[in-house]
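> attaching a predicted model along with its sequence, questions to come.
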Amino acid sequence: MRTVTKLKSQAATSAAGALLAQEQFWQRHLDEAQQCWNQLSREQLLQSEGKPHRLCRLLQEHYYLSREQADHQINRFKQSCQLSVEDATSDWS
């Protein structure tokens, strides 16, 4: 019984950590997102919280994209942000 409770607690902690990391990533890259998707207001981007399903819906509504196209753009955006972070980090090494 204790093992199950401990595993549930660890899973909840892990999920909370992942959510916090996503929120921090979104806050750091909000300006880039606004440049990328300039038809979306800053308020819309903030309300999406960077959650892929919310962003996907916004892109579909404002850019008339299919779900696949929106998902592709979101994935490309995430990759470009991660690459820019890695580039900046390597410059400081």
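Nice, I can see it.
> what's the neighbour count on the nearest residue to residue 69 once chain neighbours are set aside?
Nearest residue to residue 69, sequence neighbours excluded (CB to CB, 6 or more residues apart in numbering): residue 59, at 7.8 Å. No exception for glycine: its C-beta is placed from N, CA and C like everyone else's. Taking other CB atoms under 10 Å as the criterion, the count of residues near residue 59 is 23.
> check which residues of the host helix or strand of residue 59 are buried.
For residue 59, the element it lies in under DSSP states H and E is helix 52-63. Neighbour-count burial for helix 52-63 flags 55, 56, 58, 59 (criterion: 16 or more other CB atoms under 10 Å).
> check those residues and tell me the two furthest apart.
56 and 58 (7.3 Å; CB to CB).
> pLDDT weak spots in this structure?
1-12, 84-93 (pLDDT under 70).
> centre-most residue in it?
residue 50 (4.0 Å; CA atoms, centre = their mean).
> was I right about residue 74 contacting residue 55?
Yes. Using CB atoms under 8 Å, residue 74 makes contact with residue 55 at a distance of 5.4 Å.
> tell me how far residue 39 lies from residue 14.
35 Å (CB to CB, to the nearest Å).
> now do residue 43
31 Å.
> just the CA atoms of stretch 49-65, as PDB, please.
What follows is stretch 49-65, C-alpha atoms only, in PDB (Å, rounded to 0.1, in the frame of the first residue of the first chain):
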ATOM      1  CA  GLU A  49      -0.200  28.900 -21.600                       C
ATOM      2  CA  GLY A  50       1.900  27.300 -24.400                       C
ATOM      3  CA  LYS A  51      -0.200  24.200 -24.200                       C
ATOM      4  CA  PRO A  52       0.000  22.500 -27.700                       C
ATOM      5  CA  HIS A  53      -3.700  21.700 -27.900                       C
ATOM      6  CA  ARG A  54      -4.700  25.300 -27.200                       C
ATOM      7  CA  LEU A  55      -2.100  26.700 -29.600                       C
ATOM      8  CA  CYS A  56      -3.200  24.300 -32.200                       C
ATOM      9  CA  ARG A  57      -6.800  25.500 -31.900                       C
ATOM     10  CA  LEU A  58      -5.700  29.200 -32.100                       C
ATOM     11  CA  LEU A  59      -3.600  28.500 -35.200                       C
ATOM     12  CA  GLN A  60      -6.500  26.600 -36.900                       C
ATOM     13  CA  GLU A  61      -8.900  29.500 -36.200                       C
ATOM     14  CA  HIS A  62      -6.600  32.400 -37.100                       C
ATOM     15  CA  TYR A  63      -4.500  30.900 -39.900                       C
ATOM     16  CA  TYR A  64      -7.000  28.400 -41.300                       C
ATOM     17  CA  LEU A  65      -4.600  25.500 -40.900                       C
END
